[in-house]
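[1] For reference, the sequence and a predicted model appear below.
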Amino acid sequence: MESLSTYFLPVLLGYGIPCLLWYLLSKYKPSVWPIITIEKPEKPGRDLIYGLLAVFGILGIGQLWSAGLLIPYPSSKGTMSVIVHWLNNLIIYSPVFIVLFLRKQSLHTIFLGFKDVPVKLVFGGLSAIVGVELYMVFNGGHAGTILTKGLDYENIRNFLPVFLEGVALAFLFVRLKWTVGLKWAIAIPAILFSLAHIPRAINEESPLDVILIDSVLTALVTVVVFSTTAKSRDIIWLGVLHYFLDIAIGAFN
């Protein structure tokens with residue numbers, strides 16, 4: 001049960017409380033957050049197919065990157081290495097933007113809007129402080145240490161990949177929502193993420209009750225994050241929170 005107290009519950013609080021703060025901001029200070037309108041296409045099923053094709057494209061280009069077939073990295077670490085890493089990730093996730101271009105769709109359809117970016121960044125930073133601090137309560141340390149690590153070379157090079165991962169998820173989520181509705185668009189990834197943990201847990205011979213609780217908490221985190229994303233229609237603030245929580249969790253190790 002150790003994973004429950006050191007990972008799943010802290011992650012739930014790390015994402016859940018910042019999401020709750022967004023809802024409170026939206027309710028009591030609605031004028032602070034920018035409102036965007038997203039037009040639903042006439043044939044949403046077609047866009048979902050394009051979205052799935054884009055996902056396969058991302059996975060395929062990712063395999064090319066793993067094989068060292070994209071832009072080669074410089075021999076020494078530094079600014080140029082970070083730039084190359086970011087360029088490679090832009091190439092990996094380029095199918096998303098290609099589909100947007102071909103379908104003549106706005107960046108708003110991937111929850112990426114540049115209106116009031118300072119507000120989103122400030123709220124994202126505050127959310128990161130709160131979320132990371134809650135996570136560290138269960139694992140020792142404080143948010144300040146994690147925020148400092150976020151500026152280190154070994155971590156900052158991962159910021160864009162983490163952010164683009166959120167872009168891809170938002171891209172697919174919106175198209176799924178257009179096709180099957182909001183409830184199923186939230187339920188489907190929640191179920192998939194929940195089931196994805198089970199094979200590893202079985203291999204580690206985890207008790208059945210632990211597997212069930214892990215699955216429920218994973219699904220709950222997914223529901224909370226996707227529900228809030230659907231309401232805020234923005235991935236910038238969530239991208240900041242995601243990045244720093246990943247550092248706290250040790251996802252880049």
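    Looks like it arrived, so ask away. All of these numbers come straight from a predicted model, not from anything done at the bench.

[2] three-state assignment of residue 39?
    coil (DSSP: H, G, I helix; E, B strand; the rest coil).

[3] so where do the helices sit in this structure?
    In order along the chain, the chain carries the following helices (DSSP state H): 2-3, 9-28, 44-66, 79-92, 94-103, 117-139, 143-149, 153-156, 159-180, 182-196, 198-203, 208-232, 236-249.

[4] just these: most buried one?
    helix 236-249 (a mean of 23; mean count of other CB atoms under 10 Å). C-beta here means a position set from N, CA and C on the backbone, and glycine is covered the same way.

[5] doesn't residue 91 make contact with residue 62?
    No. Using CB atoms under 8 Å, residue 62 is not in contact with residue 91; the gap is 9.8 Å.

[6] measure residue 9 to residue 130 for me?
    In this view, residue 9 and residue 130 are 16 Å apart by CB to CB, to the nearest Å.

[7] Can you pull the poorly scored residue ranges out of the protein?
    Along the chain, the model assigns pLDDT under 70 to residues 1-3, 197, 201, 204-205, 253.

[8] center of the protein - which residue?
    Centroid check for the chain by CA atoms, centre = their mean gives residue 166 as the closest residue, at 3.6 Å.

[9] In contact with that residue, which residues are there?
    235, 238-239, 242 (CB atoms under 8 Å, 6 or more residues apart in numbering).

[10] Do I have it right that residue 234 meets residue 115?
    No. The criterion here is CB under 8 Å, and residue 234 misses it with residue 115 at 9.5 Å.

[11] Quick check on the two: which one has the bigger neighbour count.
    Taking other CB atoms under 10 Å, residue 234 and residue 115 do not tie; residue 234 has more neighbours (26 against 11).

[12] how much space between the more buried one and residue 22?
    For residue 234 relative to residue 22 (CB to CB), the value is 9 Å.
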